[in-house]
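Enquirer: sequence first, then the predicted structure:
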Amino acid sequence: MTLRLMAVHAHPDDESSKGAATFAHYVQAGASVTVVSCTGGESGSVLNPDLRRIAWAQRDIAGLRHTEMAAARDILGVDHIWLGYRDSGLPDPGETVPPLSFASLPIELTVQPLIRAIRRIRPHVLITYDENGGYPHPDHIRCHEVSVHALRAAADATVHPDLGPAWQVQKLYYDRIQNYQRFQAVHAAMAADISETCSSSSNGCEGGDGAVERTAEADERAAAAARVGEVAELFRERPLKVTTQVECGECFETRDAALRSHESQVAPDSPFFFLPNDLQRRVWPHEDYQLVDSRVPTAIPEHDLFAGVVDDGDGVVGAGAGAGAGSGSGATSDAAAGVDGAAGA
């Protein structure tokens, strides 16, 4: 049986900044991975000041972002689905989202294409954002709401029977990849490497009399470390809710290539997204998730999103399977409460 993973995201480029190494890792292992984009990113601004295709972006940002998404899809080796809703944009405080945009439409409507997709693809595992959307963008919050509603509705044969036979997703995860501990670990390693390098008399950091003579390279490395430290501070107050770490360091270059294909949205030297991969593999070689609902036994902490997953014949097929029924009860119980709360949002 082929293991199946679905990741539901708000905009094109979100799939490449939130889980792309995981997706590539599982594709290489033979799993089927489907990325769902709820919107086309039409309201997004150009965030790369050196964008080569600026004229295209000014003329047809939607078309450019579709092209970028196709490139990322091919790099990652995933399947891709557009739900087809319009990007709501990020309104200023006190303003509302535009009419007919994704976040403005009734959830009873917007959930239906995702129910159909879940029932057609039959994923064992689904990944989306938490109730805050990862960050408070209207489309990210609505993506969470739609994902949770669709997951529940897809399993109920009495709900929209016209959208296909019912299917029960076995495990639901929230993305927790952008966290303080990750950025701080990378920042600390970068600072330690600089300190070690500059303690050597052969590197040009110190002169013969012991006075510091910083080289341009040393200044550049120090500035890069400082930028990562600043990024880490953005997440300092965010609690760590990681239950599952998927080791996928071998796919960090694939992740970065996919993200760079979204050229209109990501500057190629962004310290938020592009960290030294060899260093990451040394101190944080995984991507992080929170298990919030599981219909199968599993033990926390996990190292495989498919841990405990069963096939239609009740045979355990997940790589991490074999845990006793009681070992995952806490995670399952917490998850059920979280999903119920989100569904009422």
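Expert: Nice, thanks for sending it over. Please read these numbers as outputs of a predicted model, since none were measured by experiment.
Enquirer: how far does the helix ranked longest in the chain sit from the chain's center?
Expert: Longest helix in the chain, counting residues (DSSP state H): helix 54-76. Offset of helix 54-76 from its chain centre (CA atoms, centre = their mean, to the nearest Å): 19 Å.
Enquirer: quick one: low-confidence residue ranges for the stretch 201-345 of the chain.
Expert: 201-214, 312-345 (pLDDT under 70).
Enquirer: do a quick rundown of the helices in the stretch 101-250 of the chain.
Expert: 107-110, 112-121, 138-154, 180-198, 216-234 (DSSP state H, counting those that start in this stretch).
Enquirer: out of those, the one nearest Val36 is which?
Expert: helix 112-121 (6.3 Å; CB to CB). C-betas here are computed from N, CA, C, even on glycine.
Enquirer: buried ones in that closest one, by neighbour count?
Expert: 112-119, 121 (16 or more other CB atoms under 10 Å).
Enquirer: of all those, which comes closest to Gln28?
Expert: The nearest member of the buried residues of helix 112-121 to Gln28, counting by CB to CB, is Ile121 at 19.4 Å.
Enquirer: nearest residue to the closest one in space, please, no chain neighbours.
Expert: Thr34 (5.4 Å; CB to CB, 6 or more residues apart in numbering).
Enquirer: which of the helices of the stretch 101-250 of the chain is buried the deepest?
Expert: Most buried of the helices of the stretch 101-250 of the chain, by mean neighbour count (mean count of other CB atoms under 10 Å): helix 138-154, with a mean of 25.
Enquirer: now do it against helix 112-121, angle only.
Expert: Angle between the axes of helix 138-154 and helix 112-121 is 50 degrees (criterion: axes from the mean of the first three to the mean of the last three CA atoms, to 10 degrees).
Enquirer: helix 138-154 packs against which elements?
Expert: strand 4-9, strand 32-39, helix 107-110, helix 112-121, strand 125-128, helix 329-343 (3 or more CB pairs under 8 Å, 6 or more residues apart in numbering; DSSP states H and E).
Enquirer: now do it: distance to the chain's middle.
Expert: 15 Å.
Enquirer: ok, back up a step: now, which of the buried residues of helix 112-121 sits nearest Ser147?
Expert: Distances from Ser147 to the buried residues of helix 112-121, taken by CB to CB, are shortest for Leu114, at 6.9 Å.
Enquirer: and that closest one, what does it touch?
Expert: 8, 36, 83, 146-147, 150 (CB atoms under 8 Å, 6 or more residues apart in numbering).
Enquirer: what's the answer for Tyr180, then?
Expert: By CB under 8 Å, 6+ apart, Tyr180 lies in contact with 232, 235-236, 238, 240.
Enquirer: which one is it nearest to, not counting chain neighbours?
Expert: Phe235 (3.9 Å).
Enquirer: what residues are up against that neighbour?
Expert: 178-180, 183.
Enquirer: repeat for Val33
Expert: Taking CB under 8 Å, 6+ apart, one finds 4-7, 23, 26-27, 76-79 in contact with Val33.
Enquirer: show me what the residue nearest to Asp130 when sequence neighbours are not counted is bridged to.
Expert: Leaving aside its chain neighbours, Asp130 sits nearest to Tyr174 (4.5 Å; criterion: CB to CB, 6+ apart). Per DSSP bridges, the residues bridged to Tyr174 are Thr128, Gln290.
Enquirer: if we can go back for a sec, for the helices of the stretch 101-250 of the chain, which one sits closest to Leu100?
Expert: Of those, nearest to Leu100 by CB to CB is helix 107-110, at 10.9 Å.
Enquirer: picking that back up, switch the contacts of Tyr180 over to JSON lines; also include distance to Gly89.
Expert: As requested, the contacts of Tyr180 are exported to JSON lines (distance: CB to CB, whole Å):
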{"residue": "Ala232", "distance to Gly89": "28"}
{"residue": "Phe235", "distance to Gly89": "24"}
{"residue": "Arg236", "distance to Gly89": "28"}
{"residue": "Arg238", "distance to Gly89": "24"}
{"residue": "Leu240", "distance to Gly89": "30"}
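Enquirer: tell me who's in contact with the nearest residue to Lys18 once chain neighbours are set aside.
Expert: Using CB to CB, 6+ apart and skipping the chain neighbours, the partner closest in space to Lys18 is Asp175 (4.8 Å). Applying CB under 8 Å, 6+ apart, we find Asp175 in contact with 18-19, 127-130, 134, 289.
Enquirer: was I right about Thr110 contacting Phe102?
Expert: Yes. Using CB atoms under 8 Å, Thr110 is in contact with Phe102, at 6.6 Å.
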